[in-house]
Structures are given as structure tokens and as C-alpha cells.
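Colleague: mind folding the following:
(one chain, ligands or ions: 1)
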Amino acid sequence: MIPTFDEMSYDEGFGAELQCPNCKGNYLHHDRVEIFERQEDAKTGIHVTVENGSSVQDTSMAGNPSTRRHGLNIFFWCEFCDAVPVLTIAQHKGNTLVDMDFTIDKNKKRDLP
Ligand SMILES: [Zn+2]
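Modeller: The predicted model follows:
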């Protein structure tokens, strides 16, 4: 789904506040970032995950939001509901695709790729 924003902070010069795709709350916390880099259509590349004060690197493209090229995943949890959203940025040919999806988990845990 298309990410939505609350524009309150935008007027104050801090940028727009990203909203939870489930409850539209503006208290989202990002706690994991994944970066995927590869040559076009390559089966492997560079995959870096930053979480809990450390980073891990491997060559897996599992979880890459781009089917052919680079991608980013930013994982969130919502302070107001049980949503565990992920904001994705995918390179697709000449386009950059932005998407946001979520799962519901009362424990705020998600499946690792
Ligand atoms: Zn929410």
C-alpha cells in the first residue's frame, strides 16, 4: 500500500511523519534496516542487516523487495497498535518503487527472512 503521512512536523521543518498503515498513528519506531545491493538479475549480492547495535552481512537476496536490482527494507513497530510495518524501496528498471505493508503481532515480533 502507498505510505501515508501526517504533515504536522512537515510544517516545522522536520519532514512529514510516517503513519502506521494499520491505525494511522504517527508513533512508529524503526528497529531494523536491511540493504540489498546486486548487479542486475544476480542471484547473490551484498545484504546488510543493522539491528540491536550490530550489523550482519551475507550474500542472500531473500527478502529483497526488488525482483531484479537493489532494495531497502525498514522495519517498524507501532506504539498504538499491534502492527509490525515494513517500508520497502525497490529499484525496478528505471523506477523507484515505495511500498508499505504490515503484519499484526501482539508480541511485536516478525519472521526473519
Ligand atoms: Zn498502528
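
Colleague: isn't Ala90 right up against Ser66?
Modeller: Yes: Ala90 lies in contact with Ser66 (Cβ atoms under 8 Å); the separation is 3.9 Å. Where C-beta positions appear, they are placed from N, C-alpha and C, glycine not excepted.

Colleague: intersection of neighbour lists for those two?
Modeller: With contacts defined as Cβ atoms under 8 Å, 6 or more residues apart in numbering, the residues shared by Ala90 and Ser66 are Leu97.

Colleague: separation between the residue nearest the centre of the chain and the ion?
Modeller: The centre of the chain sits closest to Ile74, judged by Cα atoms, centre = their mean, with a distance of 2.5 Å. Going from Ile74 to the ion by Cβ to the ion, to the nearest Å gives 15 Å.

Colleague: so where is this structure shaky, pLDDT-wise?
Modeller: The chain contains residues with pLDDT under 70 at 8-11, 109-113.

Colleague: which parts of it sit against the ion?
Modeller: 20, 22-23, 25, 78, 80-81, 83 (Cβ under 5 Å from the ion).

Colleague: one more time with 8 Å, if that's ok
Modeller: 20-25, 27-28, 78-83, 85 (Cβ under 8 Å from the ion).

Colleague: for ChimeraX, what selects the buried ones among those residues?
Modeller: Those of the residues of the chain next to the ion that count as buried under 16 or more other Cβ atoms under 10 Å are selected in ChimeraX with:
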select :20,21,22,28,78,81,83,85
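
Colleague: and the residues of the chain next to the ion, which is closest to Asp6?
Modeller: Distance to Asp6 across those (Cβ to Cβ) is lowest for Lys24, with 7.9 Å.

Colleague: need the residues that contact stretch 61-72.
Modeller: In contact with stretch 61-72 (Cβ under 8 Å, 6+ apart) are residues 33-38, 40-45, 47, 73, 88-93, 97, 99, 113.

Colleague: may I have it exported as CSV, CA atoms only?
Modeller: What follows is stretch 61-72 as a C-alpha-only set of coordinates in CSV (Å, rounded to 0.1, in the frame of the first residue of the first chain):
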residue,chain,number,x,y,z
MET,A,61,18.8,-11.8,-1.7
ALA,A,62,16.0,-13.4,0.3
GLY,A,63,13.6,-10.6,1.3
ASN,A,64,14.9,-8.1,-1.3
PRO,A,65,11.8,-6.1,-2.3
SER,A,66,13.3,-5.7,-5.8
THR,A,67,13.0,-8.7,-8.0
ARG,A,68,16.0,-7.7,-10.1
ARG,A,69,18.1,-5.0,-8.5
HIS,A,70,18.7,-3.0,-5.3
GLY,A,71,16.3,-2.8,-2.4
LEU,A,72,15.8,-1.5,1.1
